[in-house]
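Student: Quick one, structure for this:
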Amino acid sequence: MKIKLFIGMALPALCLCTIPTCLAQIGPRPVLTASPQKPSTAEEPKSSASKPVKAGLSAANSPDYRIGPEDTLQINVWKEESLSGTFPVRPDGKISLVLLGDVQAAGMKPMDLAADLTTRLKKFIQDPLVTVTVAEVKSQKIFVLGEVQHVGPIELSADMTPLQAIAAAGGVTPFANTKKIYILRGTGANQKKIKFDYKKAIKGEPGSYVALKTGDTIVVP
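Tutor: A predicted model of the protein is given here:
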């Protein structure tokens with residue numbers, strides 16, 4: 001009985017001694033942490049496609065471009081919002097500005113007009129800084145008459161050909177005499193008649209190209 005009691009009393013002590021030892025061998029319990037979430041892979045919205053340039057604006061960007069009636073100008077005067085804005089060129093070739101009244105714009109280059117406005121504004125503003133750009137071209141026009149679907153003016157884009165102008169007018173009618181199409185250029189005694197070979201132009205043959213100019217009139221008999 002004494003032996004059994006000794007063994008029974010020794011077992012709890014043995015267990016109490018071995019549990020901390022086991023825990024020490026196992027080491028501290030790892031702390032569970034949430035794994036970082038991956039950034040969203042959703043695609044960013046694509047930027048909208050750039051708007052196409054309006055017909056004639058590429059020509060207006062040329063340093064030699066001259067402002068015409070019905071063009072629209074963007075005029076900015078630095079730190080002068082009341083003098084800045086969009087100004088249409090009237091049929092008489094002038095624009096109306098605060099302080100300055102009517103100012104001739106048609107026939108001038110944008111840089112020349114900016115210099116002219118700068119000089120005029122010096123009477124009212126100290127060291128004005130003026131920029132002029134062509135916002136919309138409406139003065140660059142040609143005309144298509146005769147046997148086409150839509151007779152009338154067409155905005156002249158850069159490097160437009162007579163064939164493209166006829167296409168913009170809806171094409172020729174079934175009654176058109178394509179062998180006698182011609183272009184009228186100039187006015188009065190200076191007017192010239194330029195023959196246009198429609199069939200060669202359609203085939204892309206050499207010698208069929210004619211560079212159109214503002215004010216030209218294409219006649220389709």
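Student: mind listing the helices for this structure?
Tutor: In the chain, helices defined by DSSP state H lie at 2-26, 57-60, 110-121, 162-168, 198-203, listed in chain order.
Student: How is the protein divided into domains?
Tutor: 57-136, 141-220 (automatic domain parsing).
Student: chain center to the first one: distance?
Tutor: When you say that, I think you mean domain 57-136. Put simply, domain 57-136 sits 21 Å off its chain's centre (Cα atoms, centre = their mean, to the nearest Å).
Student: tell me the pLDDT at residue 200?
Tutor: Listed pLDDT for residue 200 reads 90.
Student: What residues does it make contact with?
Tutor: By Cβ atoms under 8 Å, 6 or more residues apart in numbering, residue 200 lies in contact with 207, 208. C-beta: built from backbone N, CA, C; applies to glycine.
Student: Same check on the one 10 residues further on?
Tutor: Listed by Cβ under 8 Å, 6+ apart, the contact partners of residue 210 are 161, 162, 183, 194, 196.
Student: Look up how far residue 119 lies from the residue nearest to the first one when sequence neighbours are not counted.
Tutor: So the one you mean is residue 161. What sits nearest to residue 161 in space, not counting adjacent residues and going by Cβ to Cβ, 6 or more residues apart in numbering, is residue 209, at 6.4 Å. Relative to residue 119, residue 209 is positioned 43 Å away (criterion: Cβ to Cβ, to the nearest Å).
Student: With that, I have no additional questions.
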